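[1] How does the following fold in three dimensions:
(4 chains)
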2 protein chains.
Amino acid sequence: MSKRKTVVADDVATAAVAEREARPPVEAIRAAAFAQFAERGYPVVTVRDIMKACGLTQGALYNHFKSKDELLHDIIASTQGELERLCQQAVAGAGGDPRAELAAFVRVYVMRHCRLRIEALVANREIGWLDTARVADIRRSRRAIRDIVVTILGHGVAKGVFDPPRVEGKHDLKAIAMALLDQCTHVSMWYGPGGDLTEEQMAKLYTDMALRMVGATPQSA
Amino acid sequence: MSKRKTVVADDVATAAVAEREARPPVEAIRAAAFAQFAERGYPVVTVRDIMKACGLTQGALYNHFKSKDELLHDIIASTQGELERLCQQAVAGAGGDPRAELAAFVRVYVMRHCRLRIEALVANREIGWLDTARVADIRRSRRAIRDIVVTILGHGVAKGVFDPPRVEGKHDLKAIAMALLDQCTHVSMWYGPGGDLTEEQMAKLYTDMALRMVGATPQSA
DNA sequence: AAACCTCCTGAACGACCGTTCACATTGGCC
DNA sequence: GGCCAATGTGAACGGTCGTTCAGGAGGTTT
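    Model prediction:
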């Protein structure tokens, strides 16, 4: 923990101070805060750390955000909203076949969690520090994404193109959707561009696994 | 966050103070700390909170633990070690068929993450606050568990009873093992005994999904 | 040039942090 | 009884926290 508290701020600062005037300070603060939250976690990152990393002092934060809490919410809400939008869009453009919809969903979801894995990691890990009003907003968006999956599964079962595992003879689509989302979400915890697979390959692999999990029949048969 | 900082300690205290002399104070502290870490997260739980929750004062902690950090490690290491032991034991008792081994592994792993979901949640979420020496210890155990799965998959492929998805023609067993573990681990984030499925049913469902993911051939054919 | 924004500075505030320590309190053992 | 080790108390220490605020710097409008 001692390492965590001291190591980061300085080396980031030198780099960040150069690009400071390039963009408006609100964005510089957002970016610096984001980087630090990702690296060390919201509660141990101080306002002083954040502002130092973009070449300012503590007090300046409050010209742009009401509080440290609002800053975190601003960061999480923007990535979460974007994710929800992308998922809806992917499903809508899949042409109505549940297999294509599920494939499109998983592809977009996994690729985003690989490419923007730091954003995803922060959104998932730090959400608990928000006050109750702000956290409800984020949770609603998560439920919406889960319900997209549940809906796809429901259609697939109804049309007879999915045959997911049963417990006691009947399906629990919510549990299956959660399992599916969990494995896709948490690529952000271990995937790295230096690893064995590209983002594209990850998306393919996870799409395959998802279709297998729900017992999808081959698409062109 | 303000809620998080104040709400919990008092109501826990009244209940805990009764059972205090029932067990040695070390265990009372461990239990109280564990409950608070689970509820609110390591960095915002204070030593004063923990000790108040078991009817003592701050200073008494240091008769039993060297530091707050050691207390967290003590909690995480014991549940992690137990998990690793259980997994090894489950696989060893499966009789050598990779399908049976994978099924046994998933069953034990999922049931434990349902039953002791709070323990799992703390171990997974708070690990990052440990100092570097102590965190390495835990990570080694996690890698060991992942390698158990990779080994099972490797045997299954070699024997021709698994046919997991390929990328560019070849398998990436490590990625598949991670996907599998991720979905099993994170039942601890959403499963609750009040939900639709029992632990037993969860284990069954996840075993089914795992066998599908890796393309297992039917066991008795 | 004067007035006026916008933005930043850095000292200050009150609160709380993990940890230490001199000092009770307890209960077993001679 | 006296002694000892174990254990708890609560004030105190040096720090850091999020946030506030009086004042300064720089640019634009009048």
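[2] When you work out contacts or count neighbours from here on, use the C-alpha atoms and nothing else.
    Noted.
[3] for the host helix or strand of A:Ala136, packing partners?
    Here A:Ala136 is covered by helix A:132-159, with elements defined by DSSP states H and E. With contacts defined as 3 or more Cα pairs under 8 Å, 6 or more residues apart in numbering or on different chains; DSSP states H and E, the secondary structure elements packing on helix A:132-159 are helix A:68-92, helix A:98-115, helix A:173-185.
[4] make it 6 Å
    For helix A:132-159, the packing partners by 3 or more Cα pairs under 6 Å, 6 or more residues apart in numbering or on different chains; DSSP states H and E come out as helix A:173-185.
[5] quick one: average pLDDT of the first helix or strand past the helix it packs on going along the chain?
    Once the chain leaves helix A:173-185, the next helix or strand it forms, by DSSP H and E, is helix A:187-190. Mean per-residue pLDDT for helix A:187-190: 91.
[6] chain center to helix A:187-190, what's the gap?
    Taking Cα atoms, centre = their mean, to the nearest Å, one finds the center of helix A:187-190 at 10 Å from the center of the full chain.
[7] got the CA positions of that helix in PDB?
    The C-alpha trace of helix A:187-190 is given here as PDB (Å, rounded to 0.1, in the frame of the first residue of the first chain):
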ATOM      1  CA  VAL A 187     -11.500  -9.800 -20.000                       C
ATOM      2  CA  SER A 188     -10.700  -6.200 -18.900                       C
ATOM      3  CA  MET A 189      -9.100  -7.600 -15.800                       C
ATOM      4  CA  TRP A 190      -6.500  -9.700 -17.600                       C
END
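[8] Now do the next helix or strand after it: everything it contacts.
    Sequence-wise, the next helix or strand downstream of helix A:187-190 (DSSP H and E) is helix A:199-213. For helix A:199-213, the external contacting residues (Cα atoms under 6 Å, 6 or more residues apart in numbering or on different chains) are A:Ala103, A:Val106, A:Arg107, A:Val110, A:Met111, B:Met209, B:Arg212, B:Met213.
[9] got the angle for helix A:199-213 vs helix A:173-185?
    With axes from the mean of the first three to the mean of the last three Cα atoms, to 10 degrees as the basis, helix A:199-213 and helix A:173-185 are set at 160 degrees to each other.
[10] Give me the buried stretch members for helix A:199-213, please.
    For helix A:199-213, a neighbour-count test (16 or more other Cα atoms under 10 Å in any protein chain shown) marks A:199, A:201-213 as buried.
[11] mind giving me TSV with those and columns for pLDDT?
    Converted to TSV, the buried residues of helix A:199-213 look like this (pLDDT from 0 to 100):
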residue	pLDDT
A:Glu199	94
A:Gln201	95
A:Met202	96
A:Ala203	97
A:Lys204	96
A:Leu205	96
A:Tyr206	97
A:Thr207	97
A:Asp208	96
A:Met209	96
A:Ala210	97
A:Leu211	97
A:Arg212	97
A:Met213	96
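[12] Farthest-apart pair in these, please.
    Farthest-apart pair in these is A:Glu199 and A:Met213; separation 20.8 Å (Cα to Cα).
[13] can you tell me the helix or strand for the spatially most central residue of chain A?
    The centroid of chain A falls nearest to A:Ala120 when counting by Cα atoms, centre = their mean (3.0 Å). Here A:Ala120 is covered by helix A:117-125, with elements defined by DSSP H and E.
[14] and that helix, how far out from the chain's middle?
    Relative to the chain's own centre, helix A:117-125 is displaced by 5 Å; criterion: Cα atoms, centre = their mean.
[15] For that helix, could you pull out the residues that count as buried?
    Going by neighbour count (16+ other Cα under 10 Å), the buried part of helix A:117-125 is A:Arg117, A:Ile118, A:Glu119, A:Ala120, A:Leu121, A:Val122, A:Ala123.
[16] what about the fourth one, distance to DNA strand C?
    What that stands for is A:Ala120. Applying Cα to the nearest atom of the strand, to the nearest Å, the value for A:Ala120 to DNA strand C is 28 Å.
[17] Break chain A into its domains for me.
    Taking automatic domain parsing as the criterion, chain A consists of the domains A:2-65, A:69-213.
[18] Flag every residue of chain A that's near DNA strand D.
    Within chain A, the positions near DNA strand D by Cα under 7 Å from any atom of the strand are A:43-48, A:58-60, A:62, A:66-69.
[19] and the residues you listed as JSON lines, adding secondary structure and distance to DNA strand C?
    As requested, the residues of chain A next to DNA strand D are arranged in JSON lines below (DSSP: H, G, I helix; E, B strand; the rest coil; distance: Cα to the nearest atom of the strand, whole Å):
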{"residue": "A:Pro43", "secondary structure": "helix", "distance to DNA strand C": "11"}
{"residue": "A:Val44", "secondary structure": "helix", "distance to DNA strand C": "11"}
{"residue": "A:Val45", "secondary structure": "coil", "distance to DNA strand C": "14"}
{"residue": "A:Thr46", "secondary structure": "coil", "distance to DNA strand C": "12"}
{"residue": "A:Val47", "secondary structure": "helix", "distance to DNA strand C": "11"}
{"residue": "A:Arg48", "secondary structure": "helix", "distance to DNA strand C": "9"}
{"residue": "A:Gln58", "secondary structure": "helix", "distance to DNA strand C": "6"}
{"residue": "A:Gly59", "secondary structure": "helix", "distance to DNA strand C": "4"}
{"residue": "A:Ala60", "secondary structure": "helix", "distance to DNA strand C": "4"}
{"residue": "A:Tyr62", "secondary structure": "helix", "distance to DNA strand C": "8"}
{"residue": "A:Lys66", "secondary structure": "coil", "distance to DNA strand C": "13"}
{"residue": "A:Ser67", "secondary structure": "coil", "distance to DNA strand C": "14"}
{"residue": "A:Lys68", "secondary structure": "helix", "distance to DNA strand C": "14"}
{"residue": "A:Asp69", "secondary structure": "helix", "distance to DNA strand C": "16"}
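[20] before we move on, back to that, make a markdown table from the buried residues of helix A:199-213 and add distance to B:Pro218 to it.
    As requested, those are arranged in a markdown table below (distance: Cα to Cα, whole Å):
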| residue | distance to B:Pro218 |
| --- | --- |
| A:Glu199 | 32 |
| A:Gln201 | 28 |
| A:Met202 | 27 |
| A:Ala203 | 27 |
| A:Lys204 | 25 |
| A:Leu205 | 22 |
| A:Tyr206 | 23 |
| A:Thr207 | 23 |
| A:Asp208 | 19 |
| A:Met209 | 18 |
| A:Ala210 | 19 |
| A:Leu211 | 18 |
| A:Arg212 | 15 |
| A:Met213 | 15 |
